[in-house]
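Colleague: mind folding the following:
(one chain, ligands or ions: 1)
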Amino acid sequence: MSEIAPDRSPANAILRLVAAGKVTSRAQAARVTGMARSTIGLHVDQMLRDEVLTEMEEAQGARGRPAKELTVGRGAGYVVDVIFDRTNTCVAISDASAAIVQSRIIDILLNPDPKAVMEKVLGTADDLLSDHGLLHSDIRQVIASVPAPVDFHEGVTAHRSIMAGWEGIQIARILGEYFGAPALMDNDANLMALGAATTLHSDELPLLHLQLSTGIGAGLITADAKIHRGADGSAGDIGHLRIDNLADARCQCGKVGCIGAYASLHAVMSQLGIEQGADVDPRAGQKALSQMVRKADPAALAALRDAAGHLGQLTAILVDMFNPRTIVLGGPMVELSDDVLSTIRGVVYQEAMSIATRRLVISPSRLGNKAALVGAARLGADELLDGSSARSS
Ligand SMILES: [Zn+2]
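Modeller: As a prediction, the model looks like this:
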């Protein structure tokens, strides 16, 4: 089967294969694409002149002859990735092969001063660029990840979210105008799912990624490795589903009985009397909970197991709905205790349809708190390679 999609130019097809690590030499490019060596040579030479590709001498070729290795070059462009987080916002630069060139955590809370956060984000990005001798003109794409539902039509976070105070701030527009590049903003659960998908083989998709944190979020990656966002971008916002009749739990959204109100990390900490008001550093609460778990505090373990049981029921419904091949569980709740994963797994295998669970694999995230960044870099690279900026002919 040819690896060239019909709508791609030959140069773009070669660039994509090099960026994906599937092709590292001219000879390999000819074999994989079925194009003549001379045609490959013309396109590669042009991309070398444009610095879209680089070709470096390797010490030793496969058959003893010196081989030249193709990699993506500066001319293919770079991505600025901004992963907004309640406590640890991260700014990074990534390239057209989705490799993270450098990343830096900013020690600033998202609230209460969005303007200060944005200034620090832009300043940090400029520091990273100058560290690598890059200019704004090298940036061809910006990806922003936010821990809140995203209104795709407006490019802002939805109301009544964890990002209170950010309503109406056009994050993507501000970032895009600053770097003079197209900017996309997505919900972190979607980007975490895309990040997790990069650790899987194509036959391990579709993927359902669940982030079990202060809130509960899901991201869906389709069999062809794309984010399923739905019509408006809100697919996977599962934290406000009502699956049990626990009507007394009032949610931050104003409604009663949302699963996030009784099975999230926030809810578990509330049950245990751990302080977590708006003026309390969110890191302190998580530290207190993890200390309780480490000391095998019975109330903490019971609260986590109880929450995991509800999450298992939710997951079983999602399994019947989407029939994923793989479920990846990420977030502090999973990291706190092995019990959480095993409880969820047990409920899913018991309650979901057997046809959907026979080959289902449920595993913890391998990316930890890097998942959203890895996903943003992947999305950024896809946008670079799709856009005209990276097409040299
Ligand atoms: Zn709710």
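Colleague: so where is the stretch 151-300 of the chain shaky, pLDDT-wise?
Modeller: 152, 158-161, 246-247, 277-279 (pLDDT under 70).
Colleague: for it, what lies in contact range of the ion?
Modeller: Taking CB under 5 Å from the ion as the contact definition, the stretch 151-300 of the chain meets the ion at 240, 251, 253, 255, 258. Where C-beta positions appear, they are placed from N, C-alpha and C, glycine not excepted.
Colleague: how many neighbours does the second one have?
Modeller: The burial count assigned to C251 is 21, neighbours taken as other CB atoms under 10 Å.
Colleague: contact partners for it?
Modeller: Counting by CB atoms under 8 Å, 6 or more residues apart in numbering, C251 makes contact with 240, 257-258, 260-261.
Colleague: name the SS class of the closest residue to K370 other than its chain neighbours, please.
Modeller: Of all residues not flanking K370 in the chain, G195 sits nearest, at 7.2 Å (CB to CB, 6 or more residues apart in numbering). What DSSP: H, G, I helix; E, B strand; the rest coil gives for G195 is helix.
Colleague: who's in contact with G195?
Modeller: 367, 370-376, 378.
Colleague: show me these that map onto helices.
Modeller: Assigned to helices by DSSP state H, the following of the contacts of G195 qualify: 371-376, 378.
Colleague: quick one, phi psi at whichever residue of the stretch 1-150 of the chain sits closest to the ion?
Modeller: Per CB to the ion, P149 is where the stretch 1-150 of the chain lies closest to the ion, at 11.3 Å. When quoted as degrees, to the nearest 10, the phi and psi of P149 stand at phi -60, psi 140.
Colleague: isn't it right up against A189?
Modeller: No. The criterion here is CB atoms under 8 Å, and P149 misses it with A189 at 9.3 Å.
Colleague: which one of those two is surrounded by more residues?
Modeller: Taking other CB under 10 Å, P149 and A189 do not tie; A189 has more neighbours (33 against 24).
Colleague: quick one: which helix or strand includes that one?
Modeller: Using DSSP states H and E, the element containing A189 is helix 188-197.
Colleague: and the next helix or strand past that helix?
Modeller: Counting by DSSP H and E, the element after helix 188-197 in chain order, helix or strand, is strand 207-212.
Colleague: any common contacting residues for P149 and A189?
Modeller: D237.
Colleague: just the pLDDT at E351, thanks.
Modeller: pLDDT for E351: 94.
Colleague: could you find the closest non-adjacent residue to it?
Modeller: Per CB to CB, 6+ apart, closest to E351 is A316, 3.9 Å.
Colleague: wasn't D45 part of a helix?
Modeller: Yes. Per three-state DSSP, D45 lies within a helix segment.
Colleague: quick check: the residue positioned nearest the centre of the chain vs H228, distance?
Modeller: Nearest to the mean C-alpha position of the chain, by CA atoms, centre = their mean, lies L191 at 2.4 Å. Relative to H228, L191 is positioned 13 Å away (CB to CB, to the nearest Å).
Colleague: wait, which of the residues of the stretch 151-300 of the chain next to the ion is closest to S342?
Modeller: When those are compared for distance to S342 (CB to CB), C258 wins out at 24.9 Å.
Colleague: confirm that the closest one sits in a helix.
Modeller: No. Going by three-state DSSP, the assignment for C258 is coil, not a helix.
Colleague: so it makes contact with H240?
Modeller: Yes. Contact criterion CB under 8 Å: C258 and H240 qualify, at 4.1 Å.
Colleague: next, the contact list for the residue nearest to L191 when sequence neighbours are not counted, please.
Modeller: Spatially, and ignoring its direct neighbours in sequence, L191 is nearest to G375 (3.5 Å; CB to CB, 6+ apart). Counting by CB under 8 Å, 6+ apart, G375 touches 145, 190-198.
Colleague: who wins for neighbours among those residues?
Modeller: M192 (32 neighbours).
Colleague: what number of residues are in the vicinity of I139?
Modeller: 24.
Colleague: how about it: what's its closest non-neighbour residue?
Modeller: Distances taken as CB to CB, 6+ apart put F179 closest to I139, at 4.4 Å, once the chain neighbours are dropped.
Colleague: quick one: contacts for the one you found?
Modeller: With CB under 8 Å, 6+ apart as the criterion, the residues that contact F179 are 80, 125, 136, 139, 142.
Colleague: what about the third one, neighbour count?
Modeller: Applying the criterion other CB under 10 Å, we find 13 residues in the vicinity of H136.
Colleague: repeat for A371
Modeller: By other CB under 10 Å, 30 other residues sit near A371.
Colleague: for G215, phi and psi?
Modeller: With angles defined as degrees, to the nearest 10, G215 sits at phi -110, psi -180.
Colleague: quick one: residues contacting it.
Modeller: Taking CB under 8 Å, 6+ apart, we find G215 in contact with 147, 162, 239, 260, 264, 266.
Colleague: which of those residues are buried?
Modeller: 147, 162, 239, 260, 264, 266 (16 or more other CB atoms under 10 Å).
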